[in-house]
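1. Take a look and give me a structure for this.
(4 chains)
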2 protein chains.
Amino acid sequence: MPRAAATADVFNAIAEPSRRAILDVLAGGEMAVGEIVDDLSLSQPQVSKHLRVLSEVGLVRSRADGRRRIYSVEPTRLHPMHEWLAKYEHVLNARMDRMGDYLIELQRQGEQQ
Amino acid sequence: MPRAAATADVFNAIAEPSRRAILDVLAGGEMAVGEIVDDLSLSQPQVSKHLRVLSEVGLVRSRADGRRRIYSVEPTRLHPMHEWLAKYEHVLNARMDRMGDYLIELQRQGEQQ
DNA sequence: AAGATATATGCCGATATAGGAATATGAAGC
DNA sequence: GCTTCATATTCCTATATCGGCATATATCTT
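-> As a prediction, the model looks like this:
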């Protein structure tokens, strides 16, 4: 069995660095394909293909402007990643709490001496 | 050129659903390989291989306990994802602000009538 | 030492991939 | 209608992948 398709979900779509770069550029505001090509100095077909993947998972939207196509980012689609990551913030916080308890314990022991 | 290696970075490592599942299980506390196998009903070699990938990108740590190996999650390694995602929160907030302005404008126009 | 248990590794096959080059589609202007 | 500009698609190749199965390694038990 090969790796899951890049279009399978947001996690797979985001795994490719060029696609993250494209989203980063679009985070500054909507842009035409050619502008992205210039900004990132990637080949035009490369950018179009990556945009297709991003579009299929809903991370970008496009509208026509004459013969150009303007793409914009759809940040709400990153919600699944947020949710997933949030779980690990809890783990981190729990760890911090334990560390806090440990420091307090150390302090208490120091006072007793 | 094929897709980047799963061990290339956290983003690629996390793209595989089984690996996210393993991390999710470990988020509840450290566990031996066999326990993960039972919890997720994956094959033992499968779990071992996924753990290797996760280990190579630093997302898990392991310690020996007799003939068992206890794995734990290393949530600090998710920081790059957090950072990357944070940018899009700003995009979202900016959009919300604009929406707020728009609503205020609508309201103002309503009052004038 | 021999067997049992726990985990890791090696080999194999099928497949989706990313990039390059060429080409197709589509809209604009003359 | 033809040409030019902007973008999308197709064809190609090399490669890393994930899973299954078998096996190696390591530790515990008796």
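2. Tell me the buried residues in the helix or strand harbouring A:D97?
-> Taking DSSP states H and E as the definition, A:D97 sits inside helix A:79-112. Of all the residues in helix A:79-112, those buried under the rule 16 or more other CB atoms under 10 Å in any protein chain shown are A:M81, A:W84, A:L85, A:K87, A:Y88, A:V91. (Glycine included, C-beta is placed from N, CA and C.)
3. Show the average pLDDT along that helix.
-> Taken as a whole, helix A:79-112 carries a mean pLDDT of 80.
4. can you check stretch A:61-69 too?
-> Averaged across stretch A:61-69, the pLDDT comes to 97.
5. who's in contact with that stretch?
-> For stretch A:61-69, the surrounding residues in contact (CB atoms under 8 Å, 6 or more residues apart in numbering or on different chains) are A:A32, A:V33, A:G34, A:L51, A:S55, A:I70, A:Y71, A:S72, A:E74.
6. Would you indicate which residues of that stretch are buried?
-> Using 16+ other CB under 10 Å as the test for burial, stretch A:61-69 gives A:S62.
7. quick one: terminal-to-terminal distance for it?
-> End-to-end distance of stretch A:61-69 (CA to CA, to the nearest Å): 10 Å.
8. What residues does chain A have near chain B?
-> For chain A, the residues in contact with chain B (CB under 8 Å from any CB of the partner chain) are A:3-4, A:6, A:11-12, A:14-17, A:20, A:23-24, A:27, A:73, A:75-76, A:78, A:81-82, A:84-85, A:87-92, A:95.
9. out of those, which touch DNA strand C?
-> Contacts with DNA strand C within the residues of chain A next to chain B, counted by CB under 7 Å from any atom of the strand: A:R3, A:A6, A:E16.
10. Secondary structure and pLDDT for the residues you listed - can I get that in CSV?
-> CSV is the format used below for those (DSSP: H, G, I helix; E, B strand; the rest coil; pLDDT from 0 to 100):
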residue, secondary structure, pLDDT
A:R3, coil, 84
A:A6, coil, 95
A:E16, coil, 96
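11. Just the buried ones from the residues you listed?
-> Buried members of those, counted by 16+ other CB under 10 Å: A:A6, A:E16.
12. now the residue of chain A found nearest DNA strand C, what's its secondary structure?
-> For chain A, the residue closest to DNA strand C is A:P2, as judged by CB to the nearest atom of the strand, at 2.9 Å. Here A:P2 is coil, with the state taken from DSSP: H, G, I helix; E, B strand; the rest coil.
13. and it, how many residues sit next to it?
-> Other residues near A:P2 come to 6 when the count uses other CB atoms under 10 Å in any protein chain shown.
14. again, but for A:G29
-> A:G29: 11 neighbours (other CB under 10 Å).
15. Same question for A:V47.
-> Using other CB under 10 Å, A:V47 is surrounded by 24 other residues.
16. With A:H50 instead?
-> 23.
17. How much space separates the spatially most central residue of chain A from B:S41?
-> Central residue of chain A (CA atoms, centre = their mean): A:I14, 6.0 Å from the mean position. According to CB to CB, to the nearest Å, A:I14 stands 28 Å off from B:S41.
18. ok, and what's touching stretch A:39-47?
-> Identification of contacts with stretch A:39-47 by CB under 8 Å, 6+ apart yields A:S18, A:A21, A:I22, A:V25, A:M31, A:V33, A:G34, A:I36, A:V37, A:H50.
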